[in-house]
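> Build me a structure from this.
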Amino acid sequence: MTPSPAATTVWIVDNDLGFVWWLGEVFTEAGCRTLPALSCEQALALIKSLNVGIDLLVVNTQLPGVNKMLQTLSRAHPNLKIVAIGKASAVLPAAFRPQAHLERPSASDSISRPDWLKKVRRLLKEVAVAAVV
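Here you go, the predicted model:
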């Protein structure tokens with residue numbers, strides 16, 4: 001499925017290339033346009049150079065530079081929705097107010113693409129971001 005130009009733009013920031021790629025495919029299947037970054041610095045540079053909007057930021061809360069990235073993005077995109085990759089019980093930076101959490105599957109978890117597609121669609125509804133489906 002190719003997202004429409006009006007599709008929700010989701011930035012996925014995590015240092016695990018395989019997870020970023022796979023999660024991007026799931027969000028794309030849910031009707032979103034996805035853009036990956038492997039670090040907070042890379043995300044900021046890409047956002048600036050590509051000059052595209054951000055509707056939803058899905059970010060690993062443990063990455064170096066996450067506070068700076070969130071401060072920069074929140075000034076430029078005051079309506080930005082944030083999903084934290086990690087456990088809901090994780091201690092997060094003070095400036096970090098995610099609307100939802102997305103727990104990374106562990107190595108021992110069986111990963112069902114249809115289940116994750118349902119999870120992503122629920123997440124999009126939870127954070128009130130409309131995907132084109």
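> does the most centrally placed residue in the chain count as helix, strand or coil?
Nearest residue to the geometric centre of the chain (C-alpha atoms, centre = their mean): V58, 1.7 Å. Following DSSP: H, G, I helix; E, B strand; the rest coil, we place V58 in the strand state.
> Was I right to think it contacts W11?
Yes. Between V58 and W11 there is a contact under C-beta atoms under 8 Å: 7.0 Å. In this view, the C-beta of every residue, glycine as well, is placed from N, C-alpha and C.
> quick check: angle from the helix or strand containing V20 to strand 56-60?
Using DSSP states H and E, V20 falls within helix 17-29. Here the directions of helix 17-29 and strand 56-60 differ by 160 degrees (axes from the mean of the first three to the mean of the last three C-alpha atoms, to 10 degrees).
> residue boundaries of the strands in this structure?
Taking DSSP state E, the strands of the chain run over residues 9-13, 33-37, 56-60, 81-85, 100-102.
> In JSON lines: those strands, plus mean pLDDT.
Below are the strands of the chain laid out as JSON lines (pLDDT from 0 to 100):
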{"stretch": "strand 9-13", "mean pLDDT": "94"}
{"stretch": "strand 33-37", "mean pLDDT": "94"}
{"stretch": "strand 56-60", "mean pLDDT": "94"}
{"stretch": "strand 81-85", "mean pLDDT": "90"}
{"stretch": "strand 100-102", "mean pLDDT": "87"}
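> So which of those strands is nearest I47?
Smallest distance to I47 across these (C-beta to C-beta): 7.2 Å, for strand 9-13.
> list the helices and strands the closest one packs on?
Counting contacts by 3 or more C-beta pairs under 8 Å, 6 or more residues apart in numbering; DSSP states H and E, strand 9-13 is packed against helix 17-29, strand 33-37, helix 40-50, strand 56-60.
> pull the CA atoms of that strand into CSV?
Extracted in CSV, the C-alpha atoms of strand 9-13 (Å, rounded to 0.1, in the frame of the first residue of the first chain):
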residue,chain,number,x,y,z
THR,A,9,3.8,11.4,8.7
VAL,A,10,5.4,9.2,11.3
TRP,A,11,9.1,9.6,12.3
ILE,A,12,10.5,6.5,13.9
VAL,A,13,13.7,7.1,15.8
